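Asker: Just to be clear, the model below is a prediction. Sequence and coordinates:
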Amino acid sequence: MRTTVLCLLLLFLTRLTVLSAQELPYFVTYSHHLEEPGSLEIETKTASGQPQQGNVFFGTSFELEYGTRAWWTSELYLDTQGTLHDSAVFTGFRIENRFRPLLREHLFNPVLYVEFEDINGANKSLLEVVGHDGHPDLEEPNGSTGQEKKREVELKLILSSNLRGWNFSENLTAEKNLRHAPWEFGYALAASRPLRLKAGVRDCRFCAENIQLGGELYGGLGDIESLGLHDTSHYVAPAANLSLTPSTTLRFSPSFGLNANSVPHIFRFGISYELGQLSRLFRNPERSSR
Amino acid sequence: MKFVLPALAVCALVTASAVTVSASSDGGWLRSVPNSARLRANPLSGDSEAPQAGARLYRRSCSSCHAADASGRGSKPSLRSLRVHNATDGELEWLLRNGNLAQGMPSWSRLPEAQRWQIVTYLHTLPTE
């Protein structure tokens, strides 16, 4: 039985090809770059920090991102969280879809984002900051926050531009708990650029063309009953990534809280691996091979 | 009930991957290229390293669909065709930048413009079938 499973896994992997990652270094902000159709990206993102009156936490998201169409990307997140001197818990899942309504490149390229989250209050992935999110949310023990169910829908308007090697992305987020609570809002802005725009002749690992540097600015904008910056948290985050191989990208970003309601420091790191043309597995091999 | 939604999510992903079909390219995109883009000169056309760098970028970004030798794979077209050979540098760069999203060709605007010109330079070194 085990041999059969191994053989199937080997067959699965040999039919796939790796694909150039060309990722942007952002953790919170989305750009208009979607997953290539038929390709699957496997990624983990971890956020670690220590709120003023809480313990060090590690919130990790395991992501499967699939290019359903060239204009449509689907993603599944599985979230976990561990807090020192407390516990490690599974904190829920998210399903998101991103659509490009305009099929050509423009100065500003819009993407529509729809996400359903079934998470609990212990979730510390910090994939977005909305409403009045702040450090007090991260200080409660898992035993009590884990009981709080959060079934939420999240909508984003993503705008993104590529200009002279730079990417500029702007996100506006609206999130609502489906059971109760008002709509909450947030924003994220980001810019990044590869260190070198022209590719070299030889394969290289730690060369400038494989490194992207940038930064993010993100935070909450209150809720529909108290829109604005009062009692919200904001962060600025330099970000970098390194394409270690054509399919593997490492990312790192320290975030710095900008006001008293923010966690002082959040360290984010992630690794992604991209598998090209997963959809080929579902086709007739005789038709696909040439 | 607890596992119904995660199971549904996994099913949705698998189903989506199963039904993904890339339409074949008929070259209709050429009619969409604006004249200003069609006539753009390749700034790297005299760069002796551009074809080699372009070949490297092709292996990384394009070969998984169009095959390592650019002869095409399944419904993904060959890039050794007369249509590609006869296309101007500007037309090919426009296609790489915009993609042909409705037909399954992604946009490669994420690549810096210089790298798109390097790929175009490489494509024009390919022999035709």
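Answerer: Now that the structure is in, tell me what you want to look at. Quantities reported herein were computed from a predicted structural model and do not represent experimental measurements. Numbers count the residues shown, from 1 in each chain, chains lettered A, B, ... in the order given.
Asker: Around chain B, pick out the residues from the stretch 51-200 of chain A.
Answerer: A:64, A:66-71, A:74, A:76, A:93, A:95, A:100, A:103-105, A:118, A:162, A:164-165, A:167, A:194, A:197-200 (C-beta under 8 Å from any C-beta of the partner chain). No exception for glycine: its C-beta is placed from N, CA and C like everyone else's.
Asker: And the buried ones among those, selectable in PyMOL?
Answerer: To isolate the buried members of those in PyMOL, using 16 or more other C-beta atoms under 10 Å in any protein chain shown:
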select buried, chain A and resi 64+66+67+68+69+70+71+74+76+93+95+100+105+118+162+165+167+194+198+199+200
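Asker: Would you state the helices of chain B in chain order?
Answerer: Per DSSP state H, chain B carries helices over the ranges B:4-19, B:35-38, B:50-61, B:63-66, B:82-86, B:89-98, B:113-123.
Asker: now those as a markdown table including mean neighbour count, mean pLDDT and distance to chain A?
Answerer: Converted to a markdown table, these look like this (neighbours: other C-beta atoms under 10 Å in any protein chain shown; pLDDT from 0 to 100; distance: least, C-beta to the nearest C-beta, whole Å):
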| stretch | mean neighbour count | mean pLDDT | distance to chain A |
| --- | --- | --- | --- |
| helix B:4-19 | 14 | 47 | 4 |
| helix B:35-38 | 12 | 95 | 11 |
| helix B:50-61 | 22 | 96 | 4 |
| helix B:63-66 | 22 | 92 | 4 |
| helix B:82-86 | 14 | 95 | 16 |
| helix B:89-98 | 21 | 97 | 5 |
| helix B:113-123 | 24 | 97 | 4 |
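Asker: And the residue nearest to residue A:99 when sequence neighbours are not counted, how far from chain B?
Answerer: Nearest non-adjacent residue to residue A:99, counting by C-beta to C-beta, 6 or more residues apart in numbering or on different chains: residue A:112, 4.8 Å away. Distance, residue A:112 to chain B, by C-beta to the nearest C-beta, to the nearest Å: 14 Å.
Asker: tally of neighbours for residue A:112?
Answerer: Neighbour count of residue A:112, defined by other C-beta atoms under 10 Å in any protein chain shown: 13.
Asker: Also residue A:207?
Answerer: Using other C-beta under 10 Å, residue A:207 has 15 other residues around it.
Asker: shouldn't it be in contact with residue A:199?
Answerer: No - if you go by C-beta atoms under 8 Å, residue A:207 and residue A:199 don't touch, sitting 9.5 Å apart.
Asker: residues contacting residue B:34?
Answerer: residue B:94 (C-beta atoms under 8 Å, 6 or more residues apart in numbering or on different chains).
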